[in-house]
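compute the structure for the input listed below.
(2 chains)
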Amino acid sequence: MRLRLVPRLKPSPVALYGAPVLAIALTVTFGFFLFLGIGRDPWAALYAYFIAPVNSAFGLSEWLLAALPLALIGLGLAVGFRANIWNIGAEGQLVLGAIGGGAVALALWREDVPGTFVLVCVAGALAGMAWAAIPALLRTKFNANEILTSLMLIYVADQLLGWLVHGALRNPQGFGFPESRLFSPEAVMPLLWPGTRLHIGWLALPVAALAVWFLMNHMVAGFRLRVGGDAANAATYAGFSRSRMVWLSFLLTGGLAGLVGAMEVAGPVGQLLPKISPGYGFAAIIVAFLGRLNPVGVVLAAHLLALILIGGENVQMLGVPVAVAQLFQGVLLVTLLASDVLVRYRVVRVGRLGERARG
Amino acid sequence: MTPRRTSIFLAAALGLGLAGPAAADDPLKIGFVYSSLIGDAGWTFQHDLGRLMLEEEFGDRVETAYVESIDGGADAERVIRQFASQDFGLIFGTSFNHMNPMARVAAQFPDIAFEHATGYTQDTNLAIYHTRAYESRYLVGMVAGLMGDSLGVVASYPIPEVLRGINAMTLGARSVNPDFTTRVVWISSWFDPGLERTAADALLDQGVDVLAHFTDSPAVVQAAEDREKYVVALGDMAQYGENAHLTALVYNWGPYYVERARMVLDGTWETANTWEGISADMMTIAPYNDSVPQDVRDAVDAKMEEIRSGAFHPFQGPLVAQDGTEKVADGELPDDGMLLSMDFYVEGVEGSLP
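Numbers count the residues shown, from 1 in each chain, chains lettered A, B, ... in the order given. Below you'll find the predicted structure:
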């Protein structure tokens, strides 16, 4: 007896919701023996991974805070990816957002301008859009591969931030360390949940998720993007402008990534540092695909990734090496993506007879 | 209600899980936040040696834990707070980027002792500690000056700590070899083996004899070994450079960690600003390579004793900057303020500050 995968005509609704459950069950089983194998209490480790991060009000707030950048950027990326437009440089657009927002915050340092944080967010989003406009322009005017241009602009953005925090934006009272002043209170994101670090920027998440859903499902522009991704030739034949799709998806993602950058520096970080993001722009690519390029899926995927990020820190406190924590995260992602195959394919048994018949 | 009591009350009311006073027989939980992987050599590795010394010294009376690769951004505050809310009584942040996050958490957990390496923000429950690494840098610079004619430095960020190190090595080398010169390549990272190697190769291509580094991986040592040049390393990396590794500056955090943990156990811990070097055994240098001749060893060992006794200061006057301005007059000692905010190259370093 052998097993064969047969494509389904329609995605199975059971598999659609069952596959992630199966993947998590497999990962937990694997993790149980993994932690047992390295001599740690597997229950304590699994608890630290999945429960401890969210079993207190503070933990919950940190979870939402960590998922916010991943979800916002992932939403933007999902739009472009749906149309096969590959913005890999969200990390750089995030950095530019941090620079733009940070520059405004520092320019208005101790100027007592109420609501400075709004200007910070707007400046961040615009800076991110401006950075995303470069690969969009190169794509539409010169047909340059946007994967390469957007990716390489990440490194340019990193250097630009480094140059600024070593120079023009460096804290004059900071003993020469490469970091800006701490922002004035007016420039800091007000808290949504007092006593935690969760700020009102979180409100952008439901708004963005709804907006992306509406764009993709109820607007002509979204329809064009989907046709552009599913059947590029048909889109061309229908007269849909590829350039407009590129511009729309790059500006949207750049704006969201820039907003994230500004909200990170004006939120939990509170100043400009040489390194702002632990790689949100890259992780958001995983989030977009894990969420099947669907707004609800992206938001869920962002929260899953944030949970295992925080869980990975927690198990280290139990003496689990960081390599094992990352291995466990990798297994979770692989089983999740692999279980996707069950959504689109059926597993059927193939007996000897069938094999001979084919032979 | 005193401000201190108010904040305890607030923290408890907000469900932050503030640590209650631990029972006397519970072990003291000590947390470490590391900016890079521990690996088997380098900055974080040397902090981890200190952690292991703590465990050895106190046995069952302490429990230690660490989280690796926490560098900048929003993660540091979450990890430090997670330690604080899990009844850790003493928390060490080992990288400059942990300073502001640690200061914010410390303000909310007034009963927990926080310790931050390399920063400048102090609080009633946040102590700062650092080593006078420039003392050991001066000594390894002497070794470089006696074994070669030029130094290539793979440097991280142009902060005072790193500039002190570059200047001290150059001064040490020129004290024994007046025509010695130093070149610097900045890589804007504390840990990037690929970039470290590229920078080391570029310096060797320019003809330097000896390499030094401020970065965390053994890549620079391996470059020197492969190309049959010398290196003075950060942390004992002799295993990566059998022939190249002349010596290394060695941080010795263990005695400090033991002392601070003992204070917490005894209930005598209070905030402090510690900046000690060779005289307090917080800095030393690694064993010499077999190829280092006895007269070199004798000269360097003698200088080490002068530094230990206070008879010699690596930045004692006359100290002249690269542009010719006098920073410390002949016969005078530098003040710590100038050292802590050092923003110049001394004579003998080529190029300009980034």
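
next one, pLDDT for the closest residue to chain B within the stretch 1-150 of chain A please.
Nearest to chain B, among the residues of the stretch 1-150 of chain A, is A:Ala57, at 4.5 Å (CB to the nearest CB). In short, each C-beta sits where N, CA and C put it, glycine included. The per-residue pLDDT reported for A:Ala57 equals 90.

and B:Trp253, by the same measure?
According to the prediction, B:Trp253 has pLDDT 96.

neighbours of it, how many?
When counting by other CB atoms under 10 Å in any protein chain shown, one arrives at 21 neighbours for B:Trp253.

next up, the contacts around the closest residue to it other than its chain neighbours.
Closest residue to B:Trp253 apart from its sequence neighbours, by CB to CB, 6 or more residues apart in numbering or on different chains: B:Gly50 at 3.4 Å. Taking CB atoms under 8 Å, 6 or more residues apart in numbering or on different chains, we find B:Gly50 in contact with B:252-254, B:256-257.

so the residue nearest the centre of chain A is in which element?
With distances taken as CA atoms, centre = their mean, A:Ala284 lies nearest the centre of chain A, 2.2 Å away. If you go by DSSP states H and E, A:Ala284 is part of helix A:280-290.

same question, B:His116
Per DSSP H and E, B:His116 falls inside strand B:113-117.

that strand close to chain A?
No: figure legend: strand B:113-117 not in contact with chain A (CB under 8 Å from any CB of the partner chain); closest approach 12.7 Å.

circling back to that earlier point, next secondary structure element downstream of the helix holding A:Ala284?
Next element after helix A:280-290 (DSSP H and E): helix A:295-317.

picking that back up, separation between the residue nearest to the centre of chain A and chain B?
15 Å (CB to the nearest CB, to the nearest Å).

count of residues packed around residue 215?
With no chain named, the answer covers chain A. 19.

ah, no, chain B please
For B:Thr215, the count of nearby residues is 24 (other CB under 10 Å).

wait, is it part of a strand?
No: according to DSSP: H, G, I helix; E, B strand; the rest coil, B:Thr215 belongs to no strand; its state is coil.

show me the contacts for the spatially closest residue to it that is not a sequence neighbour.
Nearest non-adjacent residue to B:Thr215, counting by CB to CB, 6+ apart: B:Glu196, 4.9 Å away. For B:Glu196, the contact set (CB under 8 Å, 6+ apart) comprises B:154, B:187, B:213, B:215, B:217, B:219-220.

now rank the contacts of B:Gly50 by neighbours and give me the top one.
Of the contacts of B:Gly50, with other CB under 10 Å as the count, B:Tyr257 tops at 25 neighbours.

so which residues of the chain form strands?
Picking chain A for this. For chain A, the strands defined by DSSP state E cover A:2-7, A:345-350.

try chain B instead
Taking DSSP E as the criterion, chain B carries its strands at B:28-33, B:62-67, B:90-93, B:113-117, B:126-131, B:150-155, B:181-186, B:210-213, B:230-234, B:245-251, B:273-276, B:283-285, B:319-320, B:326-328.

any chance of those strands in TSV, with mean neighbour count too?
As requested, these are exported to TSV (neighbours: other CB atoms under 10 Å in any protein chain shown):
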stretch	mean neighbour count
strand B:28-33	24
strand B:62-67	21
strand B:90-93	28
strand B:113-117	26
strand B:126-131	22
strand B:150-155	26
strand B:181-186	20
strand B:210-213	30
strand B:230-234	29
strand B:245-251	25
strand B:273-276	14
strand B:283-285	21
strand B:319-320	19
strand B:326-328	15
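
out of those strands, nearest to A:Pro13?
strand B:62-67 (41.0 Å; CB to CB).

coming back round to it: wait, which of the strands of chain B is closest to A:Thr140?
Among the strands of chain B, strand B:181-186 sits nearest to A:Thr140 (CB to CB), with 36.6 Å.

buried stuff in stretch A:204-221?
A:204-205, A:208-209, A:211-212, A:215-216 (16 or more other CB atoms under 10 Å in any protein chain shown).

try stretch A:188-195
In terms of neighbour count (16+ other CB under 10 Å), stretch A:188-195 has its buried residues at A:188-189, A:192-193, A:195.

turn the contacts of B:Gly50 into TSV, including distance to B:Gln239.
Listed next are these as TSV, based on distance: CB to CB, whole Å:
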residue	distance to B:Gln239
B:Asn252	19
B:Trp253	20
B:Gly254	20
B:Tyr256	25
B:Tyr257	24
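
farthest-apart pair in those, please.
B:Asn252 and B:Tyr257 (10.0 Å).

lowest confidence element among the helices and strands of chain A?
Sorting the helices and strands of chain A by mean pLDDT, DSSP states H and E puts helix A:352-358 at the bottom, at a mean of 50.

residues in the stretch 151-300 of chain B within reach of chain A, list them.
Contacts of the stretch 151-300 of chain B with chain A, taken as CB under 8 Å from any CB, map to B:157-160, B:163, B:188.

please parse chain B into its domains.
B:3-131, B:134-250+B:283-340 (automatic domain parsing).

pLDDT on the shortest one, on average?
This predicted structure assigns domain B:3-131 an average pLDDT of 84.

next one: stretch A:164-182
88.

now do the buried residues in that stretch.
Residues A:164-166, A:169-171, A:174-182 are the ones in stretch A:164-182 that count as buried (16+ other CB under 10 Å).

from the buried residues of stretch A:204-221, which land in helices?
Under the assignment DSSP state H, these contribute A:204-205, A:208-209, A:211-212, A:215-216 to helices.

from those, which is closest to A:Arg344?
Taking CB to CB as the measure, A:Arg344 sits nearest to A:Met216 out of these, at 20.1 Å.

pretty sure that closest one contacts A:Gly228?
No: if you go by CB atoms under 8 Å, A:Met216 and A:Gly228 don't touch, sitting 11.9 Å apart.

what residues does the stretch 1-150 of chain B have near chain A?
B:10, B:14-17, B:31, B:37, B:65-75, B:77-79, B:81-83, B:85-86, B:96-97, B:100, B:120.

what's the ChimeraX line that selects buried ones from these?
This is how ChimeraX selects the buried members of the residues of the stretch 1-150 of chain B next to chain A, with burial counted by 16+ other CB under 10 Å:
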select /B:14,16,17,31,37,65,66,67,68,69,70,71,72,73,74,75,77,78,79,81,82,83,85,86,96,97,100,120
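
quick check: pLDDT value at the nearest residue to B:Val296 once chain neighbours are set aside.
Nearest residue to B:Val296, sequence neighbours excluded (CB to CB, 6+ apart): B:Leu146, at 4.5 Å. Listed pLDDT for B:Leu146 reads 96.

surely B:Leu146 touches B:Ala299?
Yes: the pair formed by B:Leu146 and B:Ala299 meets the contact definition of CB under 8 Å, at 7.0 Å.

now B:Asn273: closest residue in space, sequence neighbours ignored.
B:Ile128 is the one closest to B:Asn273 (CB to CB, 6+ apart), at 5.3 Å.

what do you get for A:Leu182?
Among residues not flanking A:Leu182 along the chain, A:Gln271 sits closest, at 4.9 Å (CB to CB, 6+ apart).

give me the phi and psi for that neighbour.
Main-chain torsions, A:Gln271, degrees, to the nearest 10: phi -170, psi 170.

hmm, A:Ser180 and it touching each other?
Yes: between A:Gln271 and A:Ser180 a contact is recorded at 4.9 Å, counting by CB under 8 Å.

got any residues that touch both of these two?
Contact criterion CB under 8 Å, 6+ apart; residues shared by A:Gln271 and A:Ser180: A:102, A:171.
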